[in-house]
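Trainee: Based on what follows, work out the 3D shape:
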Amino acid sequence: MKDSDFYWMVGILEGEGTFLKGSPSNPTYPSVVIVMTDEDTMQKLQTIIGGTLRRYSKRKAHWKDTYHLAIRGKSSVLLMQSIKPFMSKRRQLQIANAIACYEDKTQPLKINSTQTAEILKLNASGKSTRELGRMYNVSNVAIFKILKKNKGL
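Mentor: Reported below is the predicted structural model:
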């Protein structure tokens, strides 16, 4: 990332970012949320930091559509750690509180490199993530992560 993009992103997050602890249903999963009406700004921000960008249609004729960008979990923690030194004291405190709730629950995959190659080949031939999960006794989410990591999707 270029320095200019980093500092532009920091400025947007200082002014428009919300740094949240995990919800009651998922208390160890913090997030960063940005809400704006400028689509081009939000698209640029998404290309820099990733996350999920959603458009919500205006609810009244004189309102604009809004765009919500959310980054959750480990990605949000890494983002918050990288920007924290550049933020105001108030934002630093919000970031510290959000990061404090984070608990990394990732577990090593039960799939070895030979099985990964097989999964990629079977997926390319049409097997679904659900079918592959049953074959290798792991969740379809675990298969999806393998495919995503290895660009099989």
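Trainee: can we go C-alpha only for contacts and neighbour counts from here?
Mentor: OK.
Trainee: residue contacts, residue 35?
Mentor: Contact analysis of residue 35 by C-alpha atoms under 8 Å, 6 or more residues apart in numbering lists 16, 17, 66, 67, 68, 69.
Trainee: Surely the third one is in contact with residue 59?
Mentor: The one in question is residue 66. No. If you go by C-alpha atoms under 8 Å, residue 66 and residue 59 don't touch, sitting 9.9 Å apart.
Trainee: Pick out whichever of those two has more residues nearby.
Mentor: Remark: of residue 66 and residue 59, residue 66 carries more neighbours, 17 against 10, as counted by other C-alpha atoms under 10 Å.
Trainee: residues touching the nearest residue to the more buried one once chain neighbours are set aside, list them.
Mentor: In this structure, residue 66 finds its nearest non-sequential neighbour in residue 37, 4.5 Å apart by C-alpha to C-alpha, 6 or more residues apart in numbering. Counting by C-alpha under 8 Å, 6+ apart, residue 37 touches 64, 65, 66, 67.
Trainee: Now do the phi/psi pair for residue 37.
Mentor: Recorded main-chain torsions at residue 37 are phi -100, psi 0, according to degrees, to the nearest 10.
Trainee: I'd like to know how far it sits from residue 54.
Mentor: According to C-alpha to C-alpha, to the nearest Å, residue 37 and residue 54 sit 11 Å apart.
Trainee: before we move on, what about residue 143?
Mentor: Taken as C-alpha to C-alpha, the span from residue 143 to residue 54 is 26 Å.
Trainee: who has more neighbours, those two?
Mentor: Legend: neighbour count by other C-alpha under 10 Å for residue 143 and residue 54, higher for residue 143 (25 against 14).
Trainee: what's the helix or strand for the more buried one?
Mentor: For residue 143, the host element (DSSP states H and E) is helix 140-149.
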